[in-house]
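Student: Sequence and predicted structure are below.
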Amino acid sequence: MVSLDAAVTARLKRGSKHFEILVEPEGALAYKRGEEVNLEDILAVEIIFEDANRGDRVAESDVIKSFETTDLLAIAALILKN
């Protein structure tokens, strides 16, 4: 896990919904470049947010509608790639 002080927000908008995760910036950039990175090591928290600054978690039903899964690592991968 990454310290919250060092984390940055990665965002993805699907439809009208926003999805955000907090990640370590260097690891996120490496992942986006296609380097092999363990996503668990770059996540600051294992939560998907609607608004990370306010600490608002996204509803599970919205996650399922948008991603057809609740697998955090699969969703984090999609957010980072896009």
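Tutor: Received the coordinates, thanks.

Student: From now on I want contacts and neighbour counts done on CA atoms only, so please keep to that.
Tutor: Fine.

Student: Figure out the helix or strand that the closest residue to residue 72 other than its chain neighbours lives in.
Tutor: Counting by C-alpha to C-alpha, 6 or more residues apart in numbering, residue 72 lies nearest to residue 46, which is 7.1 Å off, once chain neighbours are set aside. Residue 46 is part of no helix or strand, with elements assigned from DSSP states H and E.

Student: Only alpha carbons, please: show the helix or strand hosting residue 63 as CSV.
Tutor: Using DSSP H and E, residue 63 maps to helix 60-67. C-alpha atoms of helix 60-67 as CSV (Å, rounded to 0.1, in the frame of the first residue of the first chain):
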residue,chain,number,x,y,z
GLU,A,60,-21.7,-1.0,-5.8
SER,A,61,-24.7,-1.0,-8.2
ASP,A,62,-23.0,1.7,-10.3
VAL,A,63,-19.7,-0.3,-10.4
ILE,A,64,-21.6,-3.4,-11.6
LYS,A,65,-23.5,-1.5,-14.3
SER,A,66,-20.4,0.2,-15.6
PHE,A,67,-17.8,-2.6,-15.3
